[in-house]
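Participant: please work out how this folds:
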Amino acid sequence: MESTFDIFIKAIFSENMIFAYFLGMCSYLAVSKTVKTAVGLGAAVIFVLVVTVPVNYLLENYLLKEGALEWLNPEWGVNGSSTIDLSFLSFIMFIAVVASIVQLVEMLVEKFAPALYGALGIFLPLIAVNCSILGGALFMQDRQYSTILDATAFSLGSGIGWFIAIVAIAAIREKIRYSNVPGPLRGLGITFIITGLMGIAFMSFSGIKYGKDEVKADTVQVDPATSTNPQ
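Facilitator: Numbers count the residues shown, from 1 in each chain. Just a heads-up that it's a prediction; the model follows:
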């Protein structure tokens, strides 16, 4: 079983939302023209992921999945006489939670950082439909994390991984403005190429060995009564 720390590290590197699954690419490409806006959006994505994934974990395990309502009535549990399964509402509930948190983030950024709010533009409310946000909730659901701490570690790691990706590409895009990039590749063309190269670089993290090696060497027991000493 993976430890909480392993889940966190894997979410940042070997299972990076951008470089492993290419989720949230529209915002990643559109808002990565400057480091300042990339940092702002990256921080907003971290906050939304850290809040929404644990909340959706609680909804999934205590309301939606089959037998989750056993805490209200034992008859509604998996072995009850009238088992209730609300898992068909997962998508709607997950999106509702994400949209609510994004609305809160938009209000906070508009109030306390109006310049950043203007720079991010339409892409700040579009976090609600950012594939990496919903993807975090769906990965959490599919992987069946045993505790809310594991789900929170996954969400934080996924957010930090997305943050690293967008800030890194923004820094590179700021530098290549002064480079002699061929005309047809300027803009999104060279950005796609750099993203592909960064994705290949992040593949190297898939070789990291997570957790403790619990494999023990086999031992051969010899019965002294039947063993023979070599002459």
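Participant: at the geometric centre of the protein, which residue sits there?
Facilitator: Compute the mean C-alpha point of the chain, and by Cα atoms, centre = their mean the closest residue is residue 158, 3.1 Å away.
Participant: SS state for residue 181?
Facilitator: coil (DSSP: H, G, I helix; E, B strand; the rest coil).
Participant: and it, how far from residue 85?
Facilitator: To residue 85, residue 181 is 54 Å away according to Cβ to Cβ, to the nearest Å. Glycine gets a C-beta too; all of them are placed from N, C-alpha and C.
Participant: again, but for residue 187
Facilitator: 49 Å.
Participant: next: residue 178.
Facilitator: Taking Cβ to Cβ, one finds residue 178 at 58 Å from residue 85.
Participant: any idea which helix or strand carries the residue nearest to the residue nearest to the centre of the chain when sequence neighbours are not counted?
Facilitator: Closest residue to residue 158 apart from its sequence neighbours, by Cβ to Cβ, 6 or more residues apart in numbering: residue 11 at 4.6 Å. Assigned by DSSP states H and E, residue 11 belongs to helix 4-12.
Participant: go through that helix and flag the buried ones.
Facilitator: 4, 6, 7, 8, 9, 10, 11, 12 (16 or more other Cβ atoms under 10 Å).
Participant: OK, contacts around the second one?
Facilitator: If you count contacts by Cβ atoms under 8 Å, 6 or more residues apart in numbering, residue 6 has them with 210, 211.
Participant: got a list of what residue 2 touches?
Facilitator: 10, 150, 210, 211.
Participant: hmm, residue 7 and the second one touching each other?
Facilitator: Yes: applying Cβ atoms under 8 Å, one finds residue 150 in contact with residue 7, separated by 5.5 Å.
Participant: and the strands in this protein?
Facilitator: Ranges of strands within the chain: none, based on DSSP state E.
Participant: quick one: least confident helix or strand in the protein?
Facilitator: helix 114-120 (a mean of 84; mean pLDDT, DSSP states H and E).
Participant: any idea of the angle the lengthiest helix in the chain forms with helix 4-12?
Facilitator: If you go by DSSP state H, the chain has its longest helix at helix 148-176. Here the directions of helix 148-176 and helix 4-12 differ by 30 degrees (axes from the mean of the first three to the mean of the last three Cα atoms, to 10 degrees).
Participant: what are the buried residues along helix 148-176?
Facilitator: Result for helix 148-176 [16+ other Cβ under 10 Å]: buried residues 150-170, 172-173.
Participant: how far does it sit from the chain's center?
Facilitator: 9 Å (Cα atoms, centre = their mean, to the nearest Å).
Participant: packing partners for that helix?
Facilitator: helix 4-12, helix 25-30, helix 35-59, helix 131-143, helix 188-202 (3 or more Cβ pairs under 8 Å, 6 or more residues apart in numbering; DSSP states H and E).
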